[in-house]
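*Asks:* structure here, sequence nowhere to be found:
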Ligand code: TYD
Ligand code: MG
């Protein structure tokens, strides 16, 4: 960048910096996301946040000399959350909780704070969005708060930093990063540089003082507020809280975790008294299922290490005029199109004459290829108006020549199905051959889509 330039263009989505404006961000390929902002000051101008750290002599060490203390993790009081974090909160970690506004991020974190305070941990909840009265109202809904849970309504990070140094909490919540600002950065709160610089300070606080910091970040589609993706690379753990507006359950998804596996999910349900854990999501997702309807198939998807059973629904109806309509809710639209092309070409069903609507019941989003076979069978079941055995679960990836390919962890999927009372299972033949013997369920190995259709 030219010397003396005071502004630059930043992508609101990913934080990419460029000297010139572009219509499309060269890094994340989003359109219309570049905004002009003042450039952050040079690093040398900034004062060190943790003075003691600045004075330390810097010396490289041998890895063998680094002692690992038993990483003590703090339980959040919610198994669902602990699993996503990798069995609890690590001291000194920086966790980003992203999600649409109103999804329940503040509620979840307030409930976590309540649990932590009840266990005797010192917690500081900093809100830049709500007044103490509003927080109190929410707290009244979720139940009694005991122990050392401190609240602060503040948006200036310099003041927040002072408060943290004074109170020395074990856990800090920042709700939300888009409302925080640093005085020495000239752009407005919520801008890319403010969000970045604020996170930088929080990072130093977390690592320098060993405090675990949870940062709330709103996902925004429009407006000038920078999205949480801008800071994804700076934090240790990234969790996204998602769910349908009109459905009551919420899914917490781990997309990055330096202290555990990713792709884990935790399931919660929003109720009158706050969020409630859903310990058995399969049971929850399958409840209220019509058993003798055509066009429904139960699939098993693996989220992280946990198998989850869900219902795939398809409705195939004759096209009245022109082009056939296709929709896919809760799964990948292109994948559905591809599977229909496979049915047309390899099994000679005239799918192009039919509209098709595919839906994952319950409003969840699942994109695992293991769902393919269930989608195919749901489509065929609807087309032929013949129900799939309601006590049968189906999983397997479908290839372009109509072959059914192996999926990972087949045995866990089958065990989950047995647990929920399923009596038969259609799975890839290759998986069946590799699997140990399991009792209590009929396993039908299939090599291609045609064989699988023969079982329904
Ligand atoms: P909130 O935590 O404020 O969302 P975020 O911080 O992600 O913006 O959640 C707000 C929604 O949750 C709001 O629509 C009301 C609902 N809610 C309940 O249904 N029950 C409750 O007990 C609470 C506290 C909130
Ligand atoms: Mg909130």
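*Replies:* Noted; the coordinates are in hand. As the structure is a computational prediction, the values presented were derived from the model and not from experiment. Ligands and ions are numbered 1, 2, ... in the order given.
*Asks:* contact residues of this protein facing ligand 1?
*Replies:* 99, 101-107, 138, 141-142, 270, 272-274 (CB under 6 Å from any ligand atom). C-beta: built from backbone N, CA, C; applies to glycine.
*Asks:* report the two of these separated the most.
*Replies:* 101 and 273 (21.3 Å; CB to CB).
*Asks:* any idea how far ligand 1 is from residue 315?
*Replies:* Per CB to the nearest ligand atom, to the nearest Å, residue 315 is found 31 Å from ligand 1.
*Asks:* could you give the bridge partners of that residue?
*Replies:* residue 357 (DSSP bridges).
*Asks:* can you give the distance of stretch 89-106 from its chain's centre?
*Replies:* With CA atoms, centre = their mean, to the nearest Å as the basis, stretch 89-106 stands 11 Å off its chain's centre.
*Asks:* name whatever forms a beta bridge with the closest residue in space to residue 192 that isn't next to it in sequence.
*Replies:* In this structure, residue 192 finds its nearest non-sequential neighbour in residue 10, 3.8 Å apart by CB to CB, 6 or more residues apart in numbering. Counting by DSSP bridges, residue 10 is bridged to residue 17, residue 35.
*Asks:* pLDDT value on residue 10, please?
*Replies:* Residue 10 carries a pLDDT value of 88.
*Asks:* hang on, isn't it packed against residue 35?
*Replies:* Yes: counting by CB atoms under 8 Å, residue 35 is a contact partner of residue 10 at 6.1 Å.
*Asks:* these two: who's more crowded?
*Replies:* Each of residue 10 and residue 35 has its neighbours counted (other CB atoms under 10 Å); residue 10 has more, 26 against 16.
*Asks:* so the more buried one versus residue 238, what's the distance?
*Replies:* 20 Å (CB to CB, to the nearest Å).
*Asks:* what residues are up against the spatially most central residue of the chain?
*Replies:* Taking CA atoms, centre = their mean, the centroid of the chain lies closest to residue 253, which sits 2.6 Å from it. When contacts are counted by CB atoms under 8 Å, 6 or more residues apart in numbering, residue 253 is found next to 84, 239, 240, 241, 242, 263, 264, 265.
*Asks:* and what about it, helix, strand or coil?
*Replies:* Three-state assignment for residue 253 (DSSP: H, G, I helix; E, B strand; the rest coil): strand.
*Asks:* quick one, what contacts the residue nearest to residue 192?
*Replies:* 16, 17, 18, 34, 35, 37, 191, 192, 193, 226.
*Asks:* pLDDT added to the residues you listed, as CSV?
*Replies:* Below are the contacts of residue 10 laid out as CSV (pLDDT from 0 to 100):
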residue, pLDDT
16, 88
17, 88
18, 90
34, 88
35, 86
37, 84
191, 85
192, 86
193, 86
226, 70
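*Asks:* just the buried ones from the residues you listed, in ChimeraX syntax?
*Replies:* This is how ChimeraX selects the buried members of the contacts of residue 10, with burial counted by 16 or more other CB atoms under 10 Å:
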select :16,17,34,35,37,191,192,193,226
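*Asks:* JSON lines for the contacts of residue 10, including distance to residue 72?
*Replies:* Formatted as JSON lines, the contacts of residue 10 follow (distance: CB to CB, whole Å):
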{"residue": "16", "distance to residue 72": "38"}
{"residue": "17", "distance to residue 72": "39"}
{"residue": "18", "distance to residue 72": "44"}
{"residue": "34", "distance to residue 72": "44"}
{"residue": "35", "distance to residue 72": "42"}
{"residue": "37", "distance to residue 72": "41"}
{"residue": "191", "distance to residue 72": "37"}
{"residue": "192", "distance to residue 72": "36"}
{"residue": "193", "distance to residue 72": "36"}
{"residue": "226", "distance to residue 72": "34"}
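*Asks:* and which of the contacts of residue 10 is nearest to ligand 1?
*Replies:* Nearest to ligand 1 among the contacts of residue 10: residue 226, at 16.6 Å, using CB to the nearest ligand atom.
*Asks:* in what helix or strand does that closest one lie?
*Replies:* Assigned by DSSP states H and E, residue 226 belongs to no helix or strand.
*Asks:* my guess is it contacts residue 197. True?
*Replies:* No: contact between residue 226 and residue 197 fails when scored by CB under 8 Å: they sit 11.3 Å apart.
*Asks:* give me the neighbour count for residue 418.
*Replies:* Residue 418 has 15 nearby residues by other CB under 10 Å.
*Asks:* report the contact partners of it.
*Replies:* So residue 418 contacts 438, 440, 441 (CB under 8 Å, 6+ apart).
*Asks:* quick one, grab the pLDDT at the first one.
*Replies:* In other words, residue 438. Confidence score, pLDDT, at residue 438: 87.
*Asks:* not counting its neighbours along the chain, what's nearest it?
*Replies:* In space, residue 438 is closest to residue 414, 5.6 Å off (CB to CB, 6+ apart).
*Asks:* and what of the second one?
*Replies:* Of all residues not flanking residue 440 in the chain, residue 418 sits nearest, at 5.1 Å (CB to CB, 6+ apart).
*Asks:* in what helix or strand does the one you found lie?
*Replies:* Per DSSP H and E: helix 410-419 holds residue 418.
*Asks:* isn't there a strand covering residue 387?
*Replies:* No: Residue 387: not assigned to a strand; according to three-state DSSP it is coil.
*Asks:* residues near residue 311, how many?
*Replies:* 21.
*Asks:* how about the nearest residue to it, chain neighbours excluded?
*Replies:* residue 361 is the one closest to residue 311 (CB to CB, 6+ apart), at 4.1 Å.
*Asks:* mind listing what the one you found touches?
*Replies:* With CB under 8 Å, 6+ apart, residue 361 has these contacts: 285, 289, 296, 310, 311, 312, 313.
*Asks:* measure the fourth one to residue 337 for me?
*Replies:* Between residue 310 and residue 337 the distance, using CB to CB, works out to 21 Å.
*Asks:* settle it for me: which of these two has more neighbours?
*Replies:* residue 310 (23 against 15).
*Asks:* isn't that one up against residue 286?
*Replies:* Yes: if you go by CB under 8 Å, residue 310 and residue 286 touch, sitting 7.2 Å apart.
*Asks:* can you list the domains in this protein?
*Replies:* According to automatic domain parsing, the chain is divided into the following domains: 7-39, 72-279, 284-453.
*Asks:* look up phi and psi at the residue in the stretch 201-350 of the chain positioned nearest to ligand 1.
*Replies:* Proximity to ligand 1, evaluated over the stretch 201-350 of the chain using CB to the nearest ligand atom, is greatest for residue 274 at 4.0 Å. Per-residue torsions, residue 274: phi 90, psi -160 (degrees, to the nearest 10).
*Asks:* may I ask which helix or strand of the protein has the lowest mean pLDDT?
*Replies:* helix 51-55 (a mean of 48; mean pLDDT, DSSP states H and E).
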